[in-house]
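**Student:** need the 3D shape of this:
(chains A and B)
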Amino acid sequence: ELKVEQNPLFLSMQEGKNYTIYCNYSTTSDRLYWYRQDPGKSLESLFVLLSNGAVKQEGRLMASLDTKARLSTLHITAAVHDLSATYFCAVGGGTDKLIFGTGTRLQVFP
Amino acid sequence: DGGITQSPKYLFRKEGQNVTLSCEQNLNHDAMYWYRQDPGQGLRLIYYSQIVNDFQKGDIAEGYSVSREKKESFPLTVTSAQKNPTAFYLCASSAFPPRNRDTQYFGPGTRLTVL
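**Tutor:** Prediction:
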């Protein structure tokens, strides 16, 4: 059974600092996704990672995938308040099912 | 504009009542999904459908039912058998089979509260 674990679950960081969110998954998969969710809102797609060594960047966020280690990271560079949200990783669970991690709630303060 | 709509945005249910949540998409996607999200939790898959007139149970299907009579529509019924239905319900759709860079697109959600 595919399991997806994220850490940390909560992250409070100061503006301007860097930090990394980790996503581990238990069985082989060919695709990994990162989503953002603002409080009370829906999920917004950030990145789709399809192969070992894949790296995607958008603004202050950079996602990478290591399929051999079954690990994806979401790196935040020079955090700003607008990045405050909950971030989910999700892994393809066969056909097109996705298994979601529990999420990392990020709070950026001045 | 292409997208996914869900209605209603907020829904209140009395004990013993069945309620139906609407999900419509105009993205021409074959696959549609229903997820449940509890406070501070990730998403759990209730049901999914990859083609009209066919659907499969997800991880937490008990107490829920769905239909897929049209490609654009995938309504979810929360039955009285679902003992703890208070949650945020999200509908999603995607191409099937998924192609490179395809992702699931989510609707705005329905917040269901049991009175």
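**Student:** and the contacts of the least confident helix or strand in chain A by mean pLDDT?
**Tutor:** For chain A, the helix or strand with the lowest mean confidence is strand A:98-100, at a mean of 90 (criterion: mean pLDDT, DSSP states H and E). Under the criterion C-beta atoms under 8 Å, 6 or more residues apart in numbering or on different chains, residues A:2-4, A:25, A:33, A:88-93, B:35, B:42-45, B:104 lie in contact with strand A:98-100. No exception for glycine: its C-beta is placed from N, CA and C like everyone else's.
**Student:** what about 6 Å?
**Tutor:** Residues outside strand A:98-100 that contact it (C-beta atoms under 6 Å, 6 or more residues apart in numbering or on different chains) are A:2, A:4, A:88, A:90, A:91, A:93, B:42, B:43.
**Student:** so which of the residues you listed are in strands?
**Tutor:** Among the contacts of strand A:98-100, DSSP state E puts A:4, A:88, A:90, A:91, B:43 in strands.
**Student:** enumerate the residues of chain A near chain B.
**Tutor:** On the criterion C-beta under 6 Å from any C-beta of the partner chain, chain B has as its neighbours in chain A the residues A:33, A:42, A:43, A:45, A:48, A:96, A:100, A:101, A:102, A:103.
**Student:** all strands for the chain, in order.
**Tutor:** All of this is about chain A. Listed in chain order, the strands found in chain A under DSSP E are A:4-7, A:10-14, A:19-25, A:32-37, A:43-49, A:55-58, A:61-66, A:71-76, A:85-92, A:98-100, A:104-109.
**Student:** that was the other one, I meant chain B.
**Tutor:** Using DSSP E, the strands of chain B run over residues B:4-7, B:10-13, B:19-25, B:31-37, B:43-51, B:54-57, B:64-66, B:76-78, B:87-94, B:105-106, B:110-114.
**Student:** and the second one, which residues are buried?
**Tutor:** Along strand B:10-13, the positions that meet the burial threshold by neighbour count (16 or more other C-beta atoms under 10 Å in any protein chain shown) are B:11, B:13.
**Student:** starting from it, tell me which strands it pairs with and how they run.
**Tutor:** If you go by DSSP bridges, strand B:10-13 pairs up with strand B:110-114 (parallel).
**Student:** quick one: distance of the partner strand to the chain centre.
**Tutor:** 13 Å (C-alpha atoms, centre = their mean, to the nearest Å).
**Student:** quick one: which of the strands of chain B is nearest residue A:57?
**Tutor:** Distances from residue A:57 to each of these were compared by C-beta to C-beta, and the smallest falls on strand B:105-106, at 21.6 Å.
**Student:** packing partners of that closest one?
**Tutor:** For strand B:105-106, the helices and strands in contact under the criterion 3 or more C-beta pairs under 6 Å, 6 or more residues apart in numbering or on different chains; DSSP states H and E are strand B:87-94.
**Student:** one step back: out of the strands of chain B, which is the most enclosed?
**Tutor:** The densest packing among the strands of chain B, expressed as mean neighbour count by mean count of other C-beta atoms under 10 Å in any protein chain shown, is seen in strand B:31-37 with a mean of 25.
**Student:** tilt between that strand and strand A:43-49?
**Tutor:** Compare the direction of strand B:31-37 with that of strand A:43-49 by axes from the mean of the first three to the mean of the last three C-alpha atoms, to 10 degrees and you get 120 degrees.
**Student:** only C-alpha atoms, please: export strand B:31-37 in CSV.
**Tutor:** These are the backbone C-alpha positions of strand B:31-37, laid out as CSV (Å, rounded to 0.1, in the frame of the first residue of the first chain):
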residue,chain,number,x,y,z
ALA,B,31,-11.6,11.2,-15.1
MET,B,32,-13.3,12.7,-12.1
TYR,B,33,-12.8,12.3,-8.4
TRP,B,34,-14.3,13.0,-5.0
TYR,B,35,-12.1,13.7,-2.0
ARG,B,36,-12.9,14.4,1.6
GLN,B,37,-10.8,16.7,3.8
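**Student:** okay then, goodbye and thanks.
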